[in-house]
Structures are given as structure tokens and as C-alpha cells.
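S.K.: Sequence plus predicted model, see below.
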Amino acid sequence: MSLDPEYIEYPKRKRGMDHDFYPYSNLFSRPKIAWDDGKELLVWPVISLEYFPMVPNDDPFRAPGHMQTAYPDYRHYTAREYGTRIGIYRLLDAFEKRGIAVSVAMNAALAQRYPQLAADIVSGGHEIIAHSVDMNGTIAGGMDETRESELIAKSFDLLESATGKRPQGWLSIARSQSFNTPRLLVEAGARYMCDWVNDELPYQFDTASGPITNIPLNHELSDRQIINVQQHSMDSYAEQIRDASDWLLEEAAEYGGRMLPLHLTPYISGLPFRIGAFEQLIEELAENARIGFATGEALLDQSQAG
């Protein structure tokens, strides 16, 4: 039985990419980026700080890391809550010891539930990125546009109300978007997003409501992927980050500035048997005169200035 021809037809199908957000670009043929202070590699730490409701919402899909067993699922719930009570402070301390400001992708519900947590992040000089309202706030193709727009706006509004500053960036849950998401983010006031992982430097999207920059937040080098999914140790994670930084520094010598995201999860990397090796990694990177650290907002400003 053959498929109905309409099965493989949709408005975005055409030669090349299935969208008009940006043209194809070869990383190695672009003008060189020069980072501030002569740094050749900027490390971008992003901590995902998430609130998982006890009962997951499977519409449009269940977020990765969500509750799994019969409810109430206290085992998984409290394991994730460990990140907001302990893990986040260990990670922030690892960076603050070295005067490093980071980006924290924060569910807005946490700022409502734990205002002191949001205040501690801001007082440490760190940036907050909007990361939906909670881990039931997923986005996918086919989602009602009004519902998506309200979810995005609520995330920004709640974080602005809690911290006094509207976030500049956005990270979708599971990096999942609809075709409307970039435009809706522009309309909500976002300057950048972190969802598309097809590059290693910031690049511009064009939408009907104006431009927005995508700063790629690498998934393969996240602690969730390496430690939880691939079941590697923190020592193995650190070795892979060192390998990536060494390679990128070699490229930077010929092609200009490079960036290396560190996507971190407090209830994974903030555990006591992992944090020591993580702190050692950060110390090594910070001691390299060719390497600097930046928030997403600082990365955006420097890339646009160049």
C-alpha cells in the first residue's frame, strides 16, 4: 500500500533548509571574531535550574528528567529538588571563587516559590535566562500560538518581577520549538535564544517581528548527556571538556575567537562526589591566559561588536 502523496507535503518543504530563518554559513569561512581582552576562547557556563511539578504534563511531550514512577513520585521529585537546595549553591560557589559570572536558565516558578534563590543568583552578578515557567511548560510544533505566546510572556514577566530585570535570553525545555517560537521570543523582548545547536558561534535569525540571535548551547557536552545518559564519571566529563578546549584553541589561532558552552545541571554536577573534580576543571580553565568566561549576554554583545 503506497502512502498518500499529501503525507510528505508541507509548506516548508523546499530545496535546502526547511525554513527562512537564516542562510547556510560555513564556520571556517566567516570573518574572524575578536573577543575582549585578547581572549581566544570564551567559556559560557549555563546552569539549568528547573522546577519539576509532581505530576508531569505529557502535552505536547514529557520533559526529559521528569517524574517517572507512580505518583506521587517523591524519589525523583526530591532528587531534582536537591539541585535547588544544595547543588546550585555548590556550582555557583565554584565559579564565584574565581570571580566568574555565569548564566542560569531558570524556570520562573522557582523565582516565585523561592525568591531568595533568585536574589542570591542576581547578587552574585550572574545572568538569568528565561527557561519556561516550569518543566511542564514544553513547546512543540502544532502548539496553539496564543498558548505558546502566553507561556513565553509569563516566563519573562515573572522573572522580571522577581529580579527587577527582564531576561535577555531564552532556553526552551529540551531545546524544543515550534515554527513560531523565534518570532514570539522577539515579541516578548528576547535578544537571544539557546535552542539551535547547529553551530559553535552566535548567529542571527530573521523573523517577521525582527531579528534574534541564536547562541548555540551544545547538547553533547552537557553533564546530563555525558554523566547521566552515557554513564561517564565526572573525571571523564572533565577530560572531554579539556579535549574540546584544546581543539578550539588550536582553531582560534587560525580562524579567530571560539566559544565553549558548559551546560550544567545542579542535581547532577552538584553532588559531593563530583564537585571536587568539577572545581579543578574550572580552576584549570581559569588559569589559562588564552581562555575567558562570559555570560550569554556578554557573548552576544561581544559578537555583535565584532
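M.R.: Nice, thanks for sending it over. Numbers count the residues shown, from 1 in each chain.
S.K.: Count residues in the vicinity of Ser101, would you?
M.R.: Slight slip there: residue 101 is Ala, not Ser. When neighbours are counted by other Cβ atoms under 10 Å, Ala101 registers 16. No exception for glycine: its C-beta is placed from N, CA and C like everyone else's.
S.K.: what ranges do the strands span in the stretch 151-300 of the chain?
M.R.: All strands of the stretch 151-300 of the chain, identified by DSSP state E, counting those that start in this stretch, fall at 169-170, 192-193, 203-207, 210-214, 258-264, 291-293.
S.K.: among the ones you listed, which is nearest Gln304?
M.R.: Each of those has some distance to Gln304 by Cβ to Cβ; the shortest is strand 210-214, at 7.5 Å.
S.K.: who's in contact with the closest one?
M.R.: Residues from elsewhere that reach strand 210-214, judged by Cβ atoms under 8 Å, 6 or more residues apart in numbering: 182, 185-186, 190-196, 199, 202-205, 300, 303-304.
S.K.: Between its first and last residues, how far does stretch 203-223 reach?
M.R.: Using Cα to Cα, to the nearest Å, the span of stretch 203-223 from its first residue to its last is 24 Å.
S.K.: Which positions in it come out as buried?
M.R.: By neighbour count, and taking 16 or more other Cβ atoms under 10 Å as the criterion, the buried residues in stretch 203-223 are 203, 205, 207, 212-218, 221-223.
S.K.: same deal with stretch 21-29?
M.R.: Along stretch 21-29, the positions that meet the burial threshold by neighbour count (16+ other Cβ under 10 Å) are 21-22.
S.K.: now that stretch: mean pLDDT?
M.R.: Average pLDDT, stretch 21-29: 94.
S.K.: CA atoms only for that stretch, dumped as PDB, please.
M.R.: Output in PDB follows, covering the C-alpha atoms of stretch 21-29 (Å, rounded to 0.1, in the frame of the first residue of the first chain):
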ATOM      1  CA  PHE A  21      15.400  32.000   9.400                       C
ATOM      2  CA  TYR A  22      19.000  32.200   8.200                       C
ATOM      3  CA  PRO A  23      21.200  31.300   5.200                       C
ATOM      4  CA  TYR A  24      23.700  28.500   5.200                       C
ATOM      5  CA  SER A  25      27.100  29.500   6.500                       C
ATOM      6  CA  ASN A  26      30.500  27.700   6.800                       C
ATOM      7  CA  LEU A  27      32.100  28.400  10.200                       C
ATOM      8  CA  PHE A  28      35.600  28.300   8.800                       C
ATOM      9  CA  SER A  29      35.000  30.900   6.000                       C
END
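S.K.: and His66, how far is that from Pro60?
M.R.: Counting by Cβ to Cβ, to the nearest Å, the gap from His66 to Pro60 is 13 Å.
S.K.: Tell me which helix or strand Ile129 sits in.
M.R.: Taking DSSP states H and E as the definition, Ile129 sits inside strand 127-130.
S.K.: which helices and strands does that strand pack with?
M.R.: For strand 127-130, the packing partners by 3 or more Cβ pairs under 8 Å, 6 or more residues apart in numbering; DSSP states H and E come out as strand 103-106, helix 115-123, helix 145-163, strand 169-170, helix 296-305.
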